[in-house]
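Peer 1: Pasting the sequence and the predicted model now:
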Amino acid sequence: MSRIGRLPVTVPAGVEVAINDNCVTVKGAKGELTTQFSKELGIEYADGVITVTRPSDDKKHRSLHGLTRTLIANMVEGVTNGYSKTLEIEGVGYRAAKQGNAVKINLGFSHDVIIEETASIKLDVPQPNRIVVSGIDKQAVGQFAAEIREKRPPEPYKGKGIRYAGERIIRKEGKSGKGKK
């Protein structure tokens with residue numbers, strides 16, 4: 001039995017769960033998420049607890065078991081607390097500024113990079129060198145943060161670029177010029 005899959009998902013007060021033909025809808029204070037899961041697995045909601053069961057020990061069922069349970073737990077966590085990722089901008093003259101629903105980032109290009117908020121993703125700039133991406137869908141927040149980071153990934157020589165908060169960049173040594181004749 002999967003160690004993660006067999007754990008029950010506790011639903012906090014104020015969160016509504018509806019399961020209809022393995023389509024799970026979770027409503028909470030921050031919003032609503034709906035996901036369709038494999039019809040082969042059993043998903044039950046009773047007494048404030050969601051449990052996921054699998055019909056057999058096939059490899060496919062074992063892999064879906066833990067995944068389904070974790071995705072449901074992430075949905076419940078997202079509608080209660082939400083998710084956020086912090087990006088740091090490193091480099092001389094690199095900065096970000098909030099302008100209405102968009103964030104304008106100066107990354108050393110000939111033009112500014114403008115990133116618009118979406119309906120499910122909110123952007124915040126607490127400092128000129130920090131961007132906070134937040135929302136209720138864990139996957140969408142991570143994907144949006146990765147797309148922002150992709151605009152100028154950190155380079156290994158000076159460490160300039162956009163990185164996740166706490167990310168360690170492995171630095172390379174520059175050319176030494178020694179040994180040439």
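Peer 2: Nice, I can see it.
Peer 1: from here on, contacts and neighbour counts on C-alpha atoms
Peer 2: Fine.
Peer 1: Quick one: distance of stretch 69-77 to the chain centre.
Peer 2: For stretch 69-77, the gap between its own C-alpha mean and the chain's C-alpha mean amounts to 13 Å (Cα atoms, centre = their mean, to the nearest Å).
Peer 1: typo on my end, stretch 68-79
Peer 2: Relative to the mean C-alpha coordinate of its chain, stretch 68-79 is positioned 12 Å out (Cα atoms, centre = their mean).
Peer 1: secondary structure class for residue 64?
Peer 2: The three-state label given to residue 64 by DSSP: H, G, I helix; E, B strand; the rest coil is helix.
Peer 1: just the strands in this structure please.
Peer 2: Secondary structure of the chain (DSSP state E): strands located at 9-10, 16-20, 23-27, 32-36, 42-46, 49-53, 83-90, 95-99, 102-106, 113-116, 121-124, 130-135, 161-164.
Peer 1: Give the partner strands of the longest one in its sheet and their orientations.
Peer 2: Put plainly, it is strand 83-90. Sheet pairing of strand 83-90 (DSSP bridges) gives strand 130-135 (antiparallel), strand 161-164 (antiparallel).
Peer 1: now the angle from that strand to strand 102-106?
Peer 2: Orientation note: strand 83-90 sits at an angle of 30 degrees relative to strand 102-106 (axes from the mean of the first three to the mean of the last three Cα atoms, to 10 degrees).
Peer 1: May I have strand 83-90 exported as CSV, CA atoms only?
Peer 2: Written as CSV, here are the backbone C-alpha positions of strand 83-90 (Å, rounded to 0.1, in the frame of the first residue of the first chain):
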residue,chain,number,x,y,z
TYR,A,83,0.5,29.3,-2.5
SER,A,84,3.3,31.8,-3.3
LYS,A,85,6.7,31.8,-4.8
THR,A,86,9.2,34.6,-4.3
LEU,A,87,11.6,35.6,-7.1
GLU,A,88,14.8,37.7,-6.5
ILE,A,89,16.3,39.9,-9.2
GLU,A,90,20.1,40.2,-9.0
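Peer 1: Any chance you could list what contacts that strand?
Peer 2: Strand 83-90 is contacted by residues 95, 129-138, 141-142, 145, 149, 159-165 when judged by Cα atoms under 8 Å, 6 or more residues apart in numbering.
Peer 1: With the third one instead?
Peer 2: Counting by Cα under 8 Å, 6+ apart, the neighbours of strand 23-27 from elsewhere in the structure are 15-19, 32-37, 72, 75-76, 79.
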